[in-house]
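Novice: here is a sequence together with a model predicted from it:
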Amino acid sequence: MQQTPPIASPAAQPDRWMPAVPWGVLAEKWRTKAHKLQTALLPFLRRLEDPSVSVASLAEEGRALHQRIFKFSEPISVRHWERLVQRTLERDGGALNWNRVEIFVDDKAGRRRTAATCRSEFLAEHKTALNETVEHLENRADPTDDDRAYLLDAAFRHYESLSARHTKHKVRRRLKTSLLDYLLAAVPALAKNVESLRRVFDLKLAAWQAGGQTPQAIMDQRRLKSGNFRRPDFAADRKVIRDMAIQFGGSESLAHRQARKRGLLSKEFCDHYTFDMRQNKSYVPHTIRADITPEVEAVEPLTHSEREAKLRGPWIRRDWSDEEPGNYFSGDDVTWNHRFWFWNDDDLGRRRAIRGECLLITDLRTFYPLHVMLIAGHYNSEHVRSLCLQAHDKAGLPHEGYYFEGGVFQARLVPGERRKGAKWRHWRETENGLQALKLSVSLRHATTPRAKPIEGMLHILQDLMRCEPGFVGFNERQDKIEDIQEFVVAVNERGADPRERLLSMADWSKRIDAILHEFAHDPQNGDMLPGVSPAETWAEAMQRKALVKLPPEARAVFATHEQRVTVRQEGIVLTIRGQRRIYANEHTGRFIGRPVLTHYNVEYPQLLTVSDLDRREYFAVPELVLPAMSATPEQFARVHAQIAGHRRPAKVIHSEMRPHVVTTITRDDDADEATRQRGRFIAESVEQHKQSQNEEQRDYREAQRLCAELGRPFKPSKNLPQYVRALQMLLEIRAKRTQPVSPLSP
């Protein structure tokens with residue numbers, strides 16, 4: 001009985017033993033057998049690490065486990081089991097690495113190599129050596145001449161390397177067959193079948209070896225030697241087709257066809273390229289199309305505008321890593337792809353289904369939404385300034401400034417409205433006002449849509465809103481969702497109830513707020529927000545450096561609109577957000593016909609602040625407005641007092657005027673007695689009628705007043721004096737009933 005050899009220490013390990021056949025190309029049956037033997041011997045190999053344990057003492061137990069795992073009818077002999085253990089210990093070499101399944105491979109696994117084994121081994125080597133070359137081909141479905149030379153050059157070098165290792169003729173034959181099978185499977189366009197590929201392979205291999213083993217030696221020279229590779233020079237015809245294609249909006253087929261019809265192409269060109277309109281009217285010679293297509297596509301944007309060409313040309317990638325949240329606020333307008341309904345006062349109070357416009361302002365760096373404003377119609381400069389004001393009230397002023405688009409926002413926010421005598425405060429006045437408070441806020445504009453990061457956010461929001469009620473498509477004119485379009489027409493034209501399919505303006509505004517809140521708390525994956533949400537980034541930045549808010553008395557820097565007007569006879573007349581408003585009180589009467597400066601808050605236009613042109617005298621003027629049918633007597637008294645105050649200076653001037661004395665002469669004989677008597681009767685009748693009318697009007701107004709005090713409906717009687725006395729008696733009775741009784745009275 002052999003003794004167990006001592007297990008060497010890891011420091012004294014010999015070279016690592018490897019099987020004759022690599023594990024990767026070993027047949028499956030040998031792999032399965034190796035795994036089973038590893039399972040059968042592993043418990044005993046670990047116990048043999050103890051020097052006091054011998055192989056013989058474990059034989060019986062080991063044979064039983066071996067029989068169960070291999071499912072033999074009888075156990076193997078003791079000698080065979082000990083030989084398996086000794087072989088495994090020798091292959092391990094004292095490394096104690098029993099997890100290496102290679103050391104359990106049977107000795108017979110490498111003795112005979114079948115044709116299938118050789119083929120699988122060679123195919124594995126072909127894939128390792130040539131897969132990268134195949135992936136680099138421009139077109140595997142139709143390889144070019146350069147692709148073929150590149151691939152065959154790599155295949156020949158690989159074939160030469162393997163042939164040097166295998167000298168037997170039978171093995172080389174299997175090697176070549178497996179290589180041809182691999183090439184045909186990887187690039188089927190190389191040949192029709194294996195035999196055809198074998199002939200090409202042999203011819204190209206001989207040429208490659210004779211030509212110095214370079215790709216140029218196996219390049220296909222037939223096109224160069226045929227004499228047909230030179231085509232005539234049709235530069236003038238090509239230019240004609242190209243220019244007409246640009247005029248026809250990029251349609252090269254139409255340009256080629258029209259150029260032939262009009263006789264603009266040379267006879268040589270028409271003879272060289274045959275054209276049959278009945279067979280293929282869209283035909284354009286392949287070489288001509290390949291030449292002019294890049295130029296047509298390059299010029300096409302310029303046919304629209306210089307701006308379109310600029311947008312479709314090179315652009316500058318911006319690095320936002322050095323920008324901190326809160327430095328800039330970004331605002332933009334958007335028309336959502338949804339309809340909502342609202343009460344339209346201009347259309348007799350009917351409900352209208354529209355898309356409206358919406359203003360959104362966010363933090364430029366984090367896309368954190370600060371304020372959104374939904375508008376039933378078109379926005380104007382007051383909405384833009386109100387947007388900035390609301391963002392200030394909610395968050396504060398940005399550290400650096402505002403970043404808006406260069407189109408509508410710039411026209412409506414900075415230069416002001418193009419109306420005589422009316423202007424916004426220029427942004428430089430806002431900057432000066434902030435600098436007086438030791439704050440610096442600037443205004444910047446984007447020149448292209450790509451320069452506005454908020455555009456990407458709006459695209460994400462549009463996708464989130466796709467399933468909301470009232471969706472009309474991303475392009476309402478082209479998408480034409482007939483179901484919703486017919487419903488919108490029924491609402492706007494026939495007065496259908498929009499609540500069946502659409503949200504009201506208030507509900508849609510709330511839904512927009514909810515979607516913005518959802519977006520703010522969703523992690524993003526862009527360059528500006530890699531894996532974090534806008535709310536997280538904003539909150540972290542505000543903890544590091546908070547924003548500054550203006551004191552209440554300084555909000556006028558943002559909120560005040562200034563306009564120069566002339567006070568008219570009816571007062572100060574302004575049009576604010578499309579509504580005509582009138583302001584008048586005792587102060588405005590002194591400036592009738594004179595210019596003044598008006599200032600009003602965009603959030604509260606009901607009160608107007610007015611000053612003279614020198615800005616020395618300031619006074620406030622409320623708006624003259626009352627509810628149409630529910631105004632109270634107190635409200636009427638207040639408004640009439642404002643109107644009387646506005647008219648008072650003119651009335652004072654009129655009362656102080658002394659009429660000029662005009663000398664008149666009346667002659668007694670100008671009329672006869674009958675004429676005088678008739679005149680006196682007419683005058684007395686008119687005077688009596690006037691007195692009667694005045695008394696009747698007085699009784700009428702008194703009856704109205706008494707009915708209002710009694711809370712009764714006014715129903716005038718034919719005998720107004722009697723009706724007034726009855727109302728007075730009712731009022732006296734009610735007063736007596738409500739009079740408190742003294743506790744000392746009997």
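Specialist: Okay, I see it.
Novice: show me where pLDDT drops low in the stretch 151-300 of the chain?
Specialist: In the predicted model, the stretch 151-300 of the chain carries pLDDT under 70 at residues 222-231.
Novice: okay, which residue is most central for this structure?
Specialist: For the chain, the residue sitting closest to the mean C-alpha position, by Cα atoms, centre = their mean, is residue 459 at 1.8 Å.
Novice: could you point out which element follows whichever helix or strand residue 79 is part of?
Specialist: Here residue 79 sits within helix 78-92, counting by DSSP states H and E. Counting by DSSP H and E, the next helix or strand C-terminal to helix 78-92 is helix 115-135.
Novice: so for that next one, mean pLDDT?
Specialist: Average pLDDT, helix 115-135: 80.
Novice: cool, and stretch 682-694?
Specialist: 72.
Novice: likewise stretch 46-58?
Specialist: Per-residue scores along stretch 46-58 average to 87.
Novice: pLDDT on stretch 488-498, on average?
Specialist: For stretch 488-498, the per-residue pLDDT averages 86.
Novice: and that stretch, how far out from the chain middle?
Specialist: Here the centre of mass of C-alpha atoms in stretch 488-498, compared against the chain's by Cα atoms, centre = their mean, to the nearest Å, lies 31 Å away.
Novice: and stretch 97-112, by the same measure?
Specialist: 61 Å.
Novice: got it, and stretch 288-296?
Specialist: For stretch 288-296, the distance to the chain centre is 35 Å (Cα atoms, centre = their mean).
Novice: swap in stretch 44-64?
Specialist: The answer for stretch 44-64 is 72 Å, by Cα atoms, centre = their mean.
Novice: now do stretch 576-591
Specialist: For stretch 576-591, the distance to the chain centre is 43 Å (Cα atoms, centre = their mean).
Novice: and if you look at stretch 276-296?
Specialist: 39 Å.
Novice: with stretch 685-700 instead?
Specialist: With Cα atoms, centre = their mean, you get 74 Å for stretch 685-700.
Novice: neighbouring contacts of that stretch?
Specialist: Stretch 685-700 is contacted from outside by 716, 720, 721, 723, 724, using Cβ atoms under 8 Å, 6 or more residues apart in numbering. Any C-beta I mention is one placed from the backbone N, CA and C, and that applies to glycine too.
Novice: just the CA atoms of that stretch, as CSV, please.
Specialist: C-alpha atoms of stretch 685-700 as CSV (Å, rounded to 0.1, in the frame of the first residue of the first chain):
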residue,chain,number,x,y,z
SER,A,685,-98.7,126.3,-17.9
VAL,A,686,-95.1,125.3,-18.4
GLU,A,687,-94.2,126.5,-14.9
GLN,A,688,-97.0,124.6,-13.3
HIS,A,689,-96.1,121.4,-15.2
LYS,A,690,-92.5,121.7,-14.1
GLN,A,691,-93.5,122.2,-10.5
SER,A,692,-95.8,119.1,-10.7
GLN,A,693,-93.1,117.1,-12.3
ASN,A,694,-90.6,118.1,-9.7
GLU,A,695,-93.0,117.1,-6.9
GLU,A,696,-93.8,113.8,-8.6
GLN,A,697,-90.0,113.1,-9.0
ARG,A,698,-89.4,114.0,-5.4
ASP,A,699,-92.2,111.6,-4.2
TYR,A,700,-90.8,108.9,-6.6
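Novice: name the residues of it that come out as buried.
Specialist: Residues residue 699 are the ones in stretch 685-700 that count as buried (16 or more other Cβ atoms under 10 Å).
Novice: hmm, back to that, state the mean pLDDT of the helix holding residue 79.
Specialist: 90.
Novice: contacting residues for residue 730?
Specialist: Going by Cβ under 8 Å, 6+ apart, the list of residues near residue 730 reads 706, 710.
Novice: related to what we said a few turns ago, quick one: list the elements packing against the host helix or strand of the residue nearest to the centre of the chain.
Specialist: Element membership for residue 459 (DSSP H and E) is helix 454-464. Judged by 3 or more Cβ pairs under 8 Å, 6 or more residues apart in numbering; DSSP states H and E, the packing partners of helix 454-464 are strand 328-334, strand 357-363, helix 505-520.
Novice: which one of these lies closest to residue 592?
Specialist: strand 357-363 (38.2 Å; Cβ to Cβ).
Novice: what's next to that closest one, contact-wise?
Specialist: 325-326, 328-336, 368-375, 377-379, 383-384, 387-388, 390-391, 454, 457-458, 512, 534, 538.
Novice: same deal with stretch 240-260?
Specialist: Residues outside stretch 240-260 that contact it (Cβ under 8 Å, 6+ apart): 237, 264-265, 270, 275, 277, 281-284, 288-289, 292-293, 295-297, 299-300, 303.
Novice: that stretch: which residues count as buried?
Specialist: Counting neighbours by 16+ other Cβ under 10 Å, stretch 240-260 gives 240-246, 251-260 as buried.
Novice: related to what we said a few turns ago, which among the helices and strands packed on helix 454-464 is found nearest to residue 99?
Specialist: Per Cβ to Cβ, nearest to residue 99 of these: helix 505-520, 51.3 Å.
Novice: could you dump the closest one to PDB, C-alpha only?
Specialist: Coordinates of each C-alpha in helix 505-520 appear next as PDB, following Å, rounded to 0.1, in the frame of the first residue of the first chain:
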ATOM      1  CA  MET A 505     -59.300  76.600 -16.100                       C
ATOM      2  CA  ALA A 506     -58.900  76.400 -12.300                       C
ATOM      3  CA  ASP A 507     -58.800  72.600 -12.300                       C
ATOM      4  CA  TRP A 508     -56.300  72.500 -15.100                       C
ATOM      5  CA  SER A 509     -54.100  75.100 -13.300                       C
ATOM      6  CA  LYS A 510     -54.100  72.900 -10.200                       C
ATOM      7  CA  ARG A 511     -53.300  69.800 -12.300                       C
ATOM      8  CA  ILE A 512     -50.300  71.700 -13.800                       C
ATOM      9  CA  ASP A 513     -49.100  72.500 -10.300                       C
ATOM     10  CA  ALA A 514     -49.400  68.800  -9.300                       C
ATOM     11  CA  ILE A 515     -47.400  67.600 -12.400                       C
ATOM     12  CA  LEU A 516     -44.700  70.200 -11.700                       C
ATOM     13  CA  HIS A 517     -44.500  68.900  -8.100                       C
ATOM     14  CA  GLU A 518     -44.200  65.400  -9.400                       C
ATOM     15  CA  PHE A 519     -41.400  66.400 -11.800                       C
ATOM     16  CA  ALA A 520     -39.600  68.300  -9.100                       C
END
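Novice: quick one on the thing from earlier: taking the buried residues of stretch 240-260 one by one, which sit in strands?
Specialist: In strands, judged by DSSP state E, none of these are found.
Novice: picking that back up, separate out the buried members of the contacts of strand 357-363.
Specialist: 325-326, 328-334, 336, 368-374, 379, 383-384, 387-388, 390-391, 454, 457-458, 512, 534, 538.
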